[in-house]
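Student: Sharing a model prediction with you, sequence too.
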Amino acid sequence: MTPPKTHMAAWEQLNPLSRKLWDQSSRLIVGGGQAHKRHVRYLARGGPGFFTHAKGAYVYDADGREYIDYLLGYGPIVLGHCDYEFNAIVARQMTQSGVQGGEHPLEIELAERLTKLIPGAEMLMYLIGGSASTSASLRVARAHTGRERVIRCGYHGWHDWCVPASPGVPADERGRILDFPYNDLAALERQLETHRAAVAAVIIESVQDDGPAPGFFAGVRELCDRHGCLFILDEVKTGFRFDLGGAQKLYGIQPDLSTFGKALGNGFPLSVLVGRRHILEKRSDCYCSATFHGDPIACAASLACLDLLELRDGIAHQHRLGRRLIDGLNRVFKDADFPLRMEGHPAMPNPREGYVGEPARPLPSGWAGRCAREWFAAMQRNGVFVNWHVWFLSTAHRAADIEATIKIARKAVKQTCAVMQRPSVD
Ligand SMILES: Cc1ncc(COP(=O)(O)O)c(C=O)c1O
């Protein structure tokens with residue numbers, strides 16, 4: 001993806017080294033890298049291009065600037081970047097054994113730990129990456145029910161069955177997949193009635209927007225039971241952030257299968273499919289095997305991550321700081337009458353279009369979205385790494401980082417209002 005020409009001059013001036021690296025990567029790497037998620041449009045407005053190192057709550061770009069990081073690798077970094085104690089434990093395991101052709105006792109130790117922590121986990125299988133865990137959950141559900149259709153809700157990764165839209169996906173694969181909107185039980189019921197006896201599973205990204213409406217997940221459970229299909233909870237983002245037992249522990253959700261990744265390994269790409277024994281114990285016939293599944297280094301990383309989260313009271317810390325961040329930013333937006341607000345659970349602050357505490361106000365089409373994008377770009381120029389994605393916190397973030405972020409947010413609102421040719425309010 002090439003940035004718009006109008007922004008090139010500013011980008012080159014602010015980020016000469018990132019600019020050079022971008023030219024090189026675009027020649028060699030498809031799309032220049034993970035451009036679909038790394039938002040070159042922000043880079044083009046002076047945001048960071050390439051990061052060379054990261055420590056604690058901060059990332060550093062190739063041109064030497066520091067950013068408070070609320071994307072944290074899009075979720076996995078829950079202890080902060082390059083945590084000393086975490087790295088020491090992982091390094092010790094590296095001197096003992098990486099991946100080899102047999103099983104390793106750490107796989108059992110981690111399985112025991114996870115089955116104690118997560119209410120819906122009686123057995124598990126190891127995978128690599130969230131997409132592999134959600135795809136494995138479908139394979140298991142199809143084998144268990146002998147049915148092929150799946151009803152999905154939310155983002156579940158990049159594989160054929162769930163990618164939002166992409167050339168190269170076979171039409172018949174997408175034909176087996178149906179969807180429904182979050183918190184809409186009536187829509188789910190309609191899908192189940194229409195595809196009666198053909199649905200293997202309902203898979204739902206556990207927390208979207210403001211989280212589950214009262215009775216939503218109990219209703220999903222009841223509908224799945226009535227229609228003889230499995231209920232899969234996708235906890236790839238929420239796992240080890242909402243609670244050590246996942247969003248299912250916090251909200252009392254009762255899935256048959258659940259998927260975890262991201263924060264499970266604090267940066268190591270381990271993921272798991274967990275679930276009920278009566279379903280999983282028969283499913284060694286499902287081929288879900290790959291070279292790096294159950295890698296002892298990733299298992300050691302995950303055990304270290306869980307230990308340190310417990311030791312540092314990491315969940316409560318994220319929730320405390322997340323609350324402060326959401327409230328502080330909403331004060332900034334309200335004071336300036338700026339059309340953006342922070343919502344969601346404090347574990348996963350969620351930027352949304354619209355005025356704080358108000359129903360939708362009539363606005364020119366797309367204006368609030370343009371304001372938000374300009375504001376994200378201004379935040380990046382001023383040293384806070386955020387964009388239009390849910391945000392995350394880590395045990396490395398401090399109250400001072402939150403206060404600094406709120407101060408920068410006020411400055412970024414003023415800069416944005418100037419760009420959007422609308423007066424800011426002091
Ligand atoms: C809810 C959810 N499920 C699945 C995935 C896919 O995980 P990965 O990108 O590790 O393959 C993601 C990734 O963002 C996710 O947020």
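Tutor: Sure, I can see it.
Student: May I ask which helix or strand encompasses whatever residue of the stretch 201-350 of the chain ends up closest to the ligand?
Tutor: Per CB to the nearest ligand atom, residue 236 is where the stretch 201-350 of the chain lies closest to the ligand, at 3.4 Å. No exception for glycine: its C-beta is placed from N, CA and C like everyone else's. Here residue 236 is covered by no helix or strand, with elements defined by DSSP states H and E.
Student: ok, now residue 258?
Tutor: Here residue 258 sits within strand 257-260, counting by DSSP H and E.
Student: Over to residue 48?
Tutor: Residue 48 belongs to no helix or strand, assigned by DSSP H and E.
Student: and what of residue 12?
Tutor: helix 5-14.
Student: So for that helix, mean pLDDT?
Tutor: Here helix 5-14 scores 67 as its mean pLDDT.
Student: Now the element after that helix, going C-ward?
Tutor: Where DSSP H and E defines the elements, the next helix or strand beyond helix 5-14 is helix 16-28.
Student: How far does that following helix sit from its chain's centre?
Tutor: Helix 16-28 sits 27 Å away from the centroid of its parent chain (CA atoms, centre = their mean, to the nearest Å).
Student: Low-confidence stretches in the stretch 301-426 of the chain?
Tutor: Residue ranges of the stretch 301-426 of the chain with pLDDT under 70: 422-426.
Student: again, only this time at 90
Tutor: Filtered on pLDDT under 90, the stretch 301-426 of the chain yields the residue ranges 358-367, 388, 419-426.
Student: go on, the stretch 101-250 of the chain?
Tutor: 163-167, 170-175.
Student: in it, what residue is nearest the ligand?
Tutor: residue 130 (2.2 Å).
Student: Phi first, then psi, for that residue.
Tutor: phi -60, psi -40 (degrees, to the nearest 10).
Student: hang on, it packs against residue 157?
Tutor: Yes. Assessed by CB atoms under 8 Å, residue 130 is found in contact with residue 157 at 5.5 Å.
Student: So for those two, which sits in the more crowded spot?
Tutor: In this comparison of residue 130 against residue 157, neighbours counted by other CB atoms under 10 Å, the higher total goes to residue 130 at 26 against 19.
Student: check contacts around the more buried one.
Tutor: With contact taken as CB atoms under 8 Å, 6 or more residues apart in numbering, residue 130 is in contact with 156-157, 234, 236, 259, 261-262, 271.
Student: Among the residues you listed, which pair sits farthest apart?
Tutor: Across the contacts of residue 130, the longest distance by CB to CB is 12.8 Å; it joins 156 and 262.
Student: who touches both of these two?
Tutor: Here residue 156 and residue 262 share the contacting residues 130, 236, scored by CB under 8 Å, 6+ apart.
Student: which bits of this structure sit near the ligand?
Tutor: For the chain, the contact set with the ligand under CB under 6 Å from any ligand atom comprises 74, 129-131, 134, 154-157, 205, 234, 236-237, 261.
Student: Those residues in strands, which ones?
Tutor: 205, 234 (DSSP state E).
Student: Buried ones among the residues of the chain next to the ligand?
Tutor: Listed as buried from the residues of the chain next to the ligand are 129-131, 134, 154-157, 205, 234, 236-237, 261; burial here means 16 or more other CB atoms under 10 Å.
Student: which residues in the stretch 301-426 of the chain form strands?
Tutor: 340-343, 350-353, 384-385 (DSSP state E, counting those that start in this stretch).
Student: Quick one: those strands as TSV, columns for mean neighbour count too.
Tutor: Output for the strands of the stretch 301-426 of the chain, formatted as TSV (neighbours: other CB atoms under 10 Å):
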stretch	mean neighbour count
strand 340-343	20
strand 350-353	18
strand 384-385	22
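Student: rewinding a little: list residues touching both of residue 130 and residue 157?
Tutor: Both residue 130 and residue 157 are in contact with residue 236, where contact means CB under 8 Å, 6+ apart.
Student: so what's the residue lying closest to residue 157 once chain neighbours are set aside up against?
Tutor: Nearest in space to residue 157, with sequence neighbours left out and distances taken as CB to CB, 6 or more residues apart in numbering, is residue 131 at 2.9 Å. If you count contacts by CB under 8 Å, 6+ apart, residue 131 has them with 156-159, 162.
Student: Distance of residue 366 relative to residue 372?
Tutor: Distance of residue 366 to residue 372, given as CB to CB, to the nearest Å: 10 Å.
Student: brain fart, residue 393
Tutor: As judged by CB to CB, residue 393 and residue 372 stand 20 Å apart.
Student: Residue 263 contacts residue 241, doesn't it?
Tutor: Yes. Residue 263 lies in contact with residue 241 (CB under 8 Å); the separation is 5.6 Å.
Student: which parts of stretch 283-294 are buried?
Tutor: By neighbour count on 16+ other CB under 10 Å, the buried set for stretch 283-294 is 283, 286, 288, 293-294.
Student: what's the span of stretch 153-165, first residue to last?
Tutor: Taking CA to CA, to the nearest Å as the measure, stretch 153-165 stretches 15 Å from start to finish.
Student: distance between that stretch and the chain's centre?
Tutor: 13 Å.
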